[in-house]
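S.K.: below is the sequence, then the predicted model.
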Amino acid sequence: MNREDHCDVIVIGAGAAGIVAAITAARENKSVLLLEKLSNIGAKLKATGGGRCNLTNTLSQNDFMAKFGKNGRFMQDALSAFSATDLRAFLDSIGVATHAPDGFRIFPTSHSSATILSAFENEIVRLNIDLRTKSSVHSLLVENGNIKGVACEDKHYFAPKVILATGGLGYPALGAQGDGYKMACEIGHSVSELAPAMMPLHTKESWVAACTADTIAKATLKVHMPKYKNLTAQGDLIFTKKGIRGPVVLDFAREITPILAKCDEVPILANLTKGLSEDEIIRHFKNEIAKDPRKSVLEHLQTLIPQSVACEFVKLLGIDSHATFAKVEGKSRDALYKLLAWTPLTISGHEGFAMAMITRGGIRLKEIDPKTMQSRLIEGLYFCGEVVDIDGPCGGYNLQWSFSSGYLAAISAARQEITI
């Protein structure tokens, strides 16, 4: 074996978590080998937020963790070790300025992921990290319960510390193939049920295809099934030719896809009137009609919803769009009010992992020490980022987790005694 085959820390995967892990370990004066199977680092990071790169947000730690549901508390040590404030200081140290233009979401001031990737690349060079792209890891080398290194196509690399940062299954075009799950399972770890998350959803209703030009601000979605009645989400909604997308859908898809795996369809209800109740909608129209009773139903509807949606609603109910409210029979008016308060939609499918920004599920948390991100089964093996069974909504949550867990894994690996 050549000396170049040995190092202190091997990081598998040069995404957000892996890059920060490699830089952090190198800053601790450890020799680091960073292996990436694609030809460039940060492919998925480059695409994040449409290229604008929403890095994190300004929520408190407790509120941040709450957004991740039951698994959120697992993040406490990682977030304490590397908070949003620490992330901004870290980025500033490599020449990337950040800001929060809306007071919540934090971006690079350039609003370009290229700025961050360029800074990462420069820091990798400055720290003399051995970055090897087009290097696929096939398996982990383990002996007597201790990590020894990794096996690639052409050779083995040896290190007493290995950090697995291979990501999930989302966006296979950007390299996601679930390699990390396979490698972890081969050495005794287990993986929870995997589902695509954060992506557009298909609806059974075809009328949505006529409404693609408009965005519905502050929409509310909720599952219309007794068992899942508490699942709700709020945010901007966009109709597509096949269904719905937009920030609220990206968040809601995390909850919907596991249900779709069990049921052929998922009925949901959508409030498209900024949260107005049926009674509030009725009062709204009474006031509008009092102002001008000569206006058509369609004109009045446009005071609450876009014209494209209003046109489809009157078609669905068989109402003459040119008629005044006074000429619409009471039964039809009541049906219209109910439709405006809660519009029924039926989620019938999705694009799968091909369009999923995040994977729901991953290596089980009970098998990982949250204080170090080290495997409870294999000494010297650490996990970070999306490969772990943690996923959050859009808004910088998942990137912050990747950065924080990558940092904690690297600090833990670097500060423990290293022996070959």
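M.R.: Sure, I can see it. Residues are numbered from 1 along each chain as shown.

S.K.: can you give me the helices in the stretch 201-350 of the chain?
M.R.: 247-260, 278-291, 297-301, 307-317, 330-341 (DSSP state H, counting those that start in this stretch).

S.K.: leaving out chain neighbours, which residue sits closest to residue 413?
M.R.: Counting by C-beta to C-beta, 6 or more residues apart in numbering, residue 413 lies nearest to residue 161, which is 4.0 Å off, once chain neighbours are set aside. Every C-beta, even on glycine, is put in place using the N, C-alpha and C of the backbone.

S.K.: give me whichever of the helices of the stretch 201-350 of the chain is most buried.
M.R.: Stretch with highest mean neighbour count among those: helix 247-260 (a mean of 22; mean count of other C-beta atoms under 10 Å).

S.K.: what does that one contact?
M.R.: By C-beta atoms under 8 Å, 6 or more residues apart in numbering, the surrounding residues in contact with helix 247-260 are 193, 195-201, 219-221, 223, 225, 228, 231, 233-238, 266, 268, 347, 349-350, 356-358, 360, 391, 393-395.

S.K.: which stretches of the chain have low pLDDT?
M.R.: Applying pLDDT under 70 to the chain flags the ranges 1-4, 49, 172-176, 418-420.

S.K.: got the contact list for the spatially most central residue of it?
M.R.: By C-alpha atoms, centre = their mean, the chain has its centre lying nearest to residue 358, at 4.5 Å. By C-beta under 8 Å, 6+ apart, the contact set of residue 358 is 168, 170, 197-198, 254, 386, 391-392, 398.

S.K.: nearest to residue 343 among these?
M.R.: Lowest distance from residue 343 to those (C-beta to C-beta) belongs to residue 254, with 21.3 Å.

S.K.: one step back: mind giving me TSV with the contacts of residue 358 and columns for distance to residue 41?
M.R.: Converted to TSV, those look like this (distance: C-beta to C-beta, whole Å):
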residue	distance to residue 41
168	17
170	18
197	24
198	22
254	27
386	16
391	22
392	23
398	18
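
S.K.: who wins for proximity to residue 207 among the helices of the stretch 201-350 of the chain?
M.R.: Residue 207 sits nearest to helix 307-317 of all these, at 4.4 Å, using C-beta to C-beta.

S.K.: now the angle between helix 330-341 and the closest one, please.
M.R.: 140 degrees (axes from the mean of the first three to the mean of the last three C-alpha atoms, to 10 degrees).

S.K.: now helix 307-317 - C-alpha only, CSV.
M.R.: Output of helix 307-317 as CSV, limited to C-alpha atoms (Å, rounded to 0.1, in the frame of the first residue of the first chain):
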residue,chain,number,x,y,z
GLN,A,307,-59.9,35.2,-12.8
SER,A,308,-58.7,31.8,-14.1
VAL,A,309,-59.8,30.1,-10.9
ALA,A,310,-63.0,32.0,-10.7
CYS,A,311,-63.9,30.9,-14.3
GLU,A,312,-63.3,27.3,-13.4
PHE,A,313,-65.4,27.5,-10.2
VAL,A,314,-68.5,28.8,-12.0
LYS,A,315,-68.1,26.1,-14.6
LEU,A,316,-67.9,23.4,-11.9
LEU,A,317,-71.1,24.6,-10.3
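
S.K.: chain center to it: distance?
M.R.: Its chain's average C-alpha position is 33 Å from that of helix 307-317, according to C-alpha atoms, centre = their mean, to the nearest Å.

S.K.: surely residue 16 is in contact with residue 406?
M.R.: Yes - using C-beta atoms under 8 Å, residue 16 is in contact with residue 406, at 7.1 Å.

S.K.: out of the helices of the stretch 201-350 of the chain, nearest to residue 151?
M.R.: Nearest to residue 151, of all these, is helix 247-260, at 33.1 Å by C-beta to C-beta.

S.K.: need the CA coordinates for that closest one. PDB is fine.
M.R.: Extracted C-alpha coordinates of helix 247-260, given in PDB (Å, rounded to 0.1, in the frame of the first residue of the first chain):
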ATOM      1  CA  PRO A 247     -43.800  26.400  -1.500                       C
ATOM      2  CA  VAL A 248     -46.900  25.100   0.300                       C
ATOM      3  CA  VAL A 249     -46.900  22.000  -1.900                       C
ATOM      4  CA  LEU A 250     -43.200  21.300  -1.400                       C
ATOM      5  CA  ASP A 251     -43.800  21.200   2.400                       C
ATOM      6  CA  PHE A 252     -47.100  19.300   2.100                       C
ATOM      7  CA  ALA A 253     -45.500  16.600  -0.200                       C
ATOM      8  CA  ARG A 254     -43.400  15.400   2.800                       C
ATOM      9  CA  GLU A 255     -46.600  14.300   4.500                       C
ATOM     10  CA  ILE A 256     -48.500  13.200   1.300                       C
ATOM     11  CA  THR A 257     -46.000  10.800  -0.300                       C
ATOM     12  CA  PRO A 258     -45.900   8.300   2.600                       C
ATOM     13  CA  ILE A 259     -49.800   8.200   2.600                       C
ATOM     14  CA  LEU A 260     -49.800   7.700  -1.200                       C
END
